[in-house]
Structure formats: structure tokens, C-alpha cells
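Enquirer: Sequence first, then the predicted structure, then my questions.
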Amino acid sequence: MADIIQLLPDHVANQIAAGEVVQRPASVVKELLENAIDAGATHIKLILKDAGKTLIQVIDNGKGMSVTDARLSFERHATSKIKSADDLFQLNTKGFRGEALASIAAIAHVELKTKQEQDEVGTCIVIEGSEVQSQDVVVTPKGTSLSVKNLFFNIPARRNFLKSNPVETRHIIDEFHRVALAHPSIGFVMYHNGSEVFNLPVSNYRQRIVNIFGAKTNEKLVPVEEDTEVLKISGFVGKPEFAKKTRGEQFFFVNDRFIKSAYLNHAIGSAFDGLLKDGAHASYFLNLTVNPQTIDINIHPTKTEIKFDDEHTLYAILRSAVKHSLGQFNIAPVLDFERDANLDTPYSYQQKGTPSVTVDSNFNPFAEEKTVSNTSSTVSSSNTSFKKTPAANWENLYVGLESKGNNIQQDFSEVHFESEQQNASIFEDKKIEQKQSTYQFHNKYVVSTIKSGLLLIDQNRAHQRVLYEDFLKHITVKEGMSQQLLFPLELHFSPQEIEIIKQLQSDLEHTGFVFQKIEKEHVEITGVPVMVPESEVSIILEQLISDVENEVPDSNFSATDLLAKSMAKSLAIKTGQSLTAVEQEHLVNSLFACKAPSVSPTNRTTFVTMTVDELDKKFV
Ligand code: ADP
Ligand code: MG
């Protein structure tokens, strides 16, 4: 047989390598920022258009490149940073694999302008899909400017695979944060579509964190310092009472490189043991310095995972350092930090007076069966306090949908003995005076009867569905009702959170929000949707922002849909909440008035049914 192995041409090899190094615009941002840092820049500018899909440009004032180096930098395995494999264990630079520029040039339109301090003029190279288009002499300031346009222009599949602009922007901002946090002594600016998103002057570490995450962060930080033979720690953890529901602000830097480590994250978690509310995540910004010889960075192309020689020791030191700080700064939850629940009563409730739960001590859900099976007449007299409102007719709707597979068309409450009529019409079910038709179970499910059997509704998911359809309707017809606030509500957010609010502003307004001002770090709200209590506004917006940040949407991502989902999630009746008979019934009726009652907005089952047949089978 003939030989079949051949060497891949360079541009193909580069494209393949690009698949590992460049997953999305944010990967390009990371590589270019790191190159600028390695070049000794003290000021770095990042310019983006359309979430980096159209343009990513990084301009630095670093050492620049000579003509030959400029050309060579796009070759694969071309690096100035290591000379031998041994150098891998004494890295002082971010890069060392020499494949970023080659990879990027294989899948985009790239223009490089660079000049070294001592040179009069610089070099400009244009490369498209690994092919050099031109190389010229240019007048350019000291340093390097690299622009990457039309990412994945020659790999449509990859380009189509990119997420929506808000999601890609989010990824870019994440990378930008990681790099900027690791280097407070370098100034960074970021522009997106012509407007400045971040301007981070040279500062100390605390100021850098505050400049990125907003002024309100300052009071949340507790310093952590530790200096041992094997590990030096410096940085901050967030006070427990500010811990977030979503994993957001968690940063480990090892020798100035952002890394992910579930193991070290666990060390922090255990240091916070007992201090965090359920489901909350501590935030941390920690710089670890270790001997470069004790780590291996080259285990992953994006270099965000590293291998430590002695993880166990690091774990122990880290845990005790964080514990020590929390103790030293006297971080135990104090009364002042607890929210006064009275101030928070949503005003729909204030008008109603204190909500109360009425318990009927005579009510026994299991008694029902007995009474029903005795005689029909005793039912109506024994349980008068649980009379059914006759208006509810969702059962009929529902049975209509289900009737295909169901021949048993009798009300469950009428299931008595064989002697009972089996073929009663579905619409003739009001012969007996009805009791309460619903019953809440474990403060989680609402149980009800339908003609064919038993219905179990998940109260939280069902209500999400109801609210979701309602919000969606308001947003799309653009007529959400607004309630004017007596005093404008001022809420603080970090700059990137403000970016997200801006992107969603018009949709939010359609639901009934009225924004008086949206400024760099705060918004002023003068109106909110009718169904949203004022006290919930900030929680809803925070939830929304975190949903946008964490969304991994498919290509048909829509901000409208996300907004409706997120608000429904925030406002829906929670598991654990007890509902009055009227509320239960209202929920059931509203659910079956929905277009898609059977699933929650996130596609989870809202109710299950059990037919009499199925129940009968259980009793054999
Ligand atoms: P690596 O960073 O792993 O060395 P790259 O492909 O990212 O590989 O870059 C190749 C080389 O190009 C670098 O080693 C460096 O010498 C040079 N280079 C890249 N970007 C810059 C820059 N902004 N300023 C100066 N030199 C640069
Ligand atoms: Mg590099």
C-alpha cells in the first residue's frame, strides 16, 4: 500500500492550533493583553466593536518589535520568551508557547503596527488567513498596536457558533478583569463601540478592585496576608454578609496569572464555614506567589489550569490565612448587617395588613375520602368552610387536552364505588356541592382533583410560567403598567453591571420600569412594574444581571425572553411559602390559562397527573 501520511501545510496546522487557543473573541483579548504585558507596557488600551466580532484592537506602550521580529512573531512556535524546555519552570512571562499570533492570524484579518524606542519608524504588517498581504514602513508611536478584524472569517461554522453580543462581551470583560486585577501597576482602558467601559489608572490592589467592581466594593474587603516559605498570599476576601448567590467575584492569581482551581476554592469555602448563608459564595481576590519551579503551567493551552507540586500544603496555608483574617477583622454576622424585615415589607402587603395563615383545625385531607365514600350528602354539610368557588373551570380545559388517552371522565371526588355511574359527562360534575378543591402539600405542591384523577402542581414553577407569559406579553406589546415611586430609588452597580442594564433598558421599560438616570455606577428609578414591590427592585435587577452574565444561550437568545424569565424567577411564589385556599386556586386557574401550562419558562415540568386508573393499580 502506498504511503499515506503527509505533513500538514502551515496554514492548516495554524488553523488547527487556533481551535485550541482561540475559542471566542475573549481568547484573542486575553492573548493580546498578555503579550502587551510581556512587552513591559505600562499603559494598555483595548478597543472593541460588536463584542469583538468585528474588531479587537490592543494598543500598548511596550518595547515594540524590530522589523524581523514583527514578521517572525506570526510564525508558529515563534517566541522570544523561552529558549529551552527548562525555561518553562522559571517563567516570568505570560506567554511562552509562541502560537497565539500565528493562530490568530490564521483565522482573522490582522494588522500589526509596532516600533521600538530607538527606531525612527515602525513596521506595519497586514495578514489575512495566514497570508501576508503587505509589509510597510509606518510612522507609529513606541509600542505595538494589533488589530484583529472579522474573527473566524474563514471558518463560518466557528463564527456562527459565537454567542450573542452581550454574552461574548461578558466573556471579554471577564478576561479583561482577570488581566487588570493581576496588574494594578499597569493602566488599562477599554472601549466598546466607541464608548469607554473601563478606565483603570495605575493604582494599588484595593483601588484596582474598587475601580473594577464599583465604589460599594470597598467596604466589603477584608485583607488577607500570609508569608511562608512555600507560599505568599496577599489580597482580599469579601465579608460574608456580602456573599452572592452566584459565583462571581472569585479570583486566584498564581504568580500574576489568573488560574482556576476547584481545590483551592474549596479551601476558601471551608475557611468561611458557618459564616455564609445557604447557597451563597464568598468572593475573593487572592494573589499567591510560589516558586515557579513548583508549578507546571503548561498543562492546558489557555494556561488557566496549573499543577502544583504540593497542593495539600497550599490548601492548608490558604485556609488558615483566610480564617485568621476573618477572625482578626471580627467578621461574625452582626445585627447591624441584618436587614430589618419590617422595612422590607412589600407594599402590596402593607396595604393588606400583615399576611396571616388561617389553619382550619378540622381540615384533614384524608378525612375526605372517608366522607366521600360514605354518602354524597354528608360531604356538603361536613366541610362547609372549604367550599369551592364555582367560577373555576380550568379542569374542563385541562381534561379537554388530556382526554385522548383517558376514557375515565369522572371527577375524582366522585370516585366512590362501582355502583356509581361511570360514564357521566365531563361537564356534569357539579352535582355534589364541592369542598375546597385544592390542598397545599409541604408548602411546595398544590394538589387538586380533576375529572380523570389527581393533579399535582409545583407552585414555584407554575407561578413562574404564569408570570413569564405575563411579562412576555407586556414586553412585546410594550405596554407594561408602571407605578410611580414616591421617592426615586437610587441603586448602585458596577460599571459592567450598568452596561448590562443599558443593553436591557428598553425592554425593562416595556415591563414598566422607568429610569430617570443611568450613570457610571448608579441608576435612578422613578417607576416600577405594577406587580413589582419596591423592596424587590434591587434583588430583581441583580438577579437579572447575573442571569445575563451566566446565560449560555443558544443562537436564538433574546434579551426579552431572558428578562421575562429572570423577572418571573425573582417574583414567583417560592417553595416553602404557604398559600391560602384562594391563592392556591388562583394559581391553578392562572396556570391553565397559560399558553404552555405544562412547563416552566426553563422547560421543567410544572404539574403531573395521576389518573384513577393509575391510582387503582397501586391499590391492587
Ligand atoms: P508568546 O507570547 O507565547 O511568545 P505569541 O504568538 O503571543 O507567543 O507572540 C510571539 C512573539 O511576538 C512574542 O514572543 C513576542 O516576542 C512578540 N510579541 C507579540 N506581541 C507583542 C507586543 N505587543 N509587543 C512586543 N512584542 C510582541
Ligand atoms: Mg503571547
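Expert: Everything's here; your move. Numbering: from 1, shown residues only. Ligands and ions are numbered 1, 2, ... in the order given.
Enquirer: and the most centrally placed residue in the chain, what is it in contact with?
Expert: By C-alpha atoms, centre = their mean, the mean C-alpha position of the chain lies nearest to residue 550, the distance being 2.1 Å. Shown in contact with residue 550 (C-beta atoms under 8 Å, 6 or more residues apart in numbering): residue 246. Heads up, the C-betas are built off the backbone N, CA and C, glycines and all.
Enquirer: do the same with residue 322
Expert: 224, 237, 267-268, 271-272, 284.
Enquirer: pLDDT at the residue nearest to residue 508 when sequence neighbours are not counted, what is it?
Expert: Closest residue in space to residue 508, ignoring its immediate chain neighbours: residue 563 at 6.7 Å, by C-beta to C-beta, 6 or more residues apart in numbering. Per-residue confidence (pLDDT) for residue 563: 79.
Enquirer: any idea which element residue 563 lies in?
Expert: Taking DSSP states H and E as the definition, residue 563 sits inside helix 559-571.
Enquirer: could you list every residue that touches the residue nearest to residue 489 when sequence neighbours are not counted?
Expert: Leaving aside its chain neighbours, residue 489 sits nearest to residue 525 (4.5 Å; criterion: C-beta to C-beta, 6+ apart). Residue 525 sits next to 485, 488-491, 513-516, 537 when contact means C-beta under 8 Å, 6+ apart.
Enquirer: Spit out the contact partners of residue 203.
Expert: Counting by C-beta under 8 Å, 6+ apart, residue 203 makes contact with 184, 211.
Enquirer: Is it in a helix, a strand, or coil?
Expert: Secondary structure assignment for residue 203 (DSSP: H, G, I helix; E, B strand; the rest coil): coil.
Enquirer: what pLDDT does it get?
Expert: 93.
Enquirer: What count of nearby residues applies to whichever residue of the stretch 251-400 of the chain sits closest to ligand 1?
Expert: Here the stretch 251-400 of the chain gets closest to ligand 1 at one residue, residue 303, 9.6 Å apart by C-beta to the nearest ligand atom. Using other C-beta atoms under 10 Å, residue 303 has 20 other residues around it.
Enquirer: Equivalent analysis for residue 207, please.
Expert: Residue 207 is flanked by 14 other residues according to other C-beta under 10 Å.
Enquirer: and it, what does it touch?
Expert: Contacts of residue 207 (C-beta under 8 Å, 6+ apart): residue 184.
Enquirer: Same check on residue 522?
Expert: Shown in contact with residue 522 (C-beta under 8 Å, 6+ apart): 490-493, 498.
Enquirer: Over to residue 82?
Expert: Applying C-beta under 8 Å, 6+ apart, the residues near residue 82 are 88, 91, 96.
Enquirer: and if you look at residue 609?
Expert: Contacts of residue 609 by C-beta under 8 Å, 6+ apart are 402, 450, 452-456.
Enquirer: same deal with residue 134?
Expert: Contacts of residue 134 by C-beta under 8 Å, 6+ apart are 124-126.
Enquirer: What lies in contact with the helix or strand hosting residue 253?
Expert: Using DSSP H and E, residue 253 sits within strand 250-254. With contacts defined as C-beta under 8 Å, 6+ apart, strand 250-254 is touched by 177-178, 181-182, 258-261, 264-265, 268, 281-290, 295, 306.
Enquirer: And for stretch 63-70?
Expert: In contact with stretch 63-70 (C-beta under 8 Å, 6+ apart) are residues 39-40, 73, 80, 112, 114-117, 119, 122-123, 125, 142-144.
Enquirer: shouldn't residue 247 be in contact with residue 281?
Expert: Yes: taking C-beta atoms under 8 Å as the definition, residue 247 is a contact partner of residue 281 at 4.7 Å.
Enquirer: Please parse this structure into its domains.
Expert: 10-200, 205-328, 370-412, 445-609 (automatic domain parsing).
Enquirer: mean pLDDT for these: which is lowest?
Expert: With a mean of 40, domain 370-412 has the lowest mean pLDDT of the domains of the chain.
Enquirer: quick revisit: so how far is the strand holding residue 253 from its chain's centroid?
Expert: In terms of C-alpha atoms, centre = their mean, to the nearest Å, the centre of strand 250-254 is found 19 Å from the chain centre.
Enquirer: can you list the residues of the stretch 1-150 of the chain near ligand 2?
Expert: 35, 95, 100 (C-beta under 5 Å from the ion).
Enquirer: list the contacts for the last one?
Expert: In this structure, residue 100 makes contact with 21, 31-32, 34-35, judged by C-beta under 8 Å, 6+ apart.
Enquirer: rewinding a little: make a markdown table out of the contacts of residue 82 and add distance to ligand 1, secondary structure and neighbour count.
Expert: Converted to a markdown table, these look like this (distance: C-beta to the nearest ligand atom, whole Å; DSSP: H, G, I helix; E, B strand; the rest coil; neighbours: other C-beta atoms under 10 Å):
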| residue | distance to ligand 1 | secondary structure | neighbour count |
| --- | --- | --- | --- |
| 88 | 12 | helix | 15 |
| 91 | 10 | coil | 18 |
| 96 | 5 | coil | 18 |
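Enquirer: ok, of these, which one's closest to residue 601?
Expert: Nearest to residue 601 out of the contacts of residue 82 is residue 96 (C-beta to C-beta; 46.2 Å).
Enquirer: And residue 528, how close does it get to residue 481?
Expert: Residue 528 is 10 Å from residue 481, where distance means C-beta to C-beta, to the nearest Å.
Enquirer: follow-up on the earlier one: burial of the residue nearest to residue 508, as a residue count?
Expert: 21.
Enquirer: how many other residues sit next to residue 1?
Expert: Count around residue 1 with other C-beta under 10 Å applied: 3.
Enquirer: Many thanks, have a good one.
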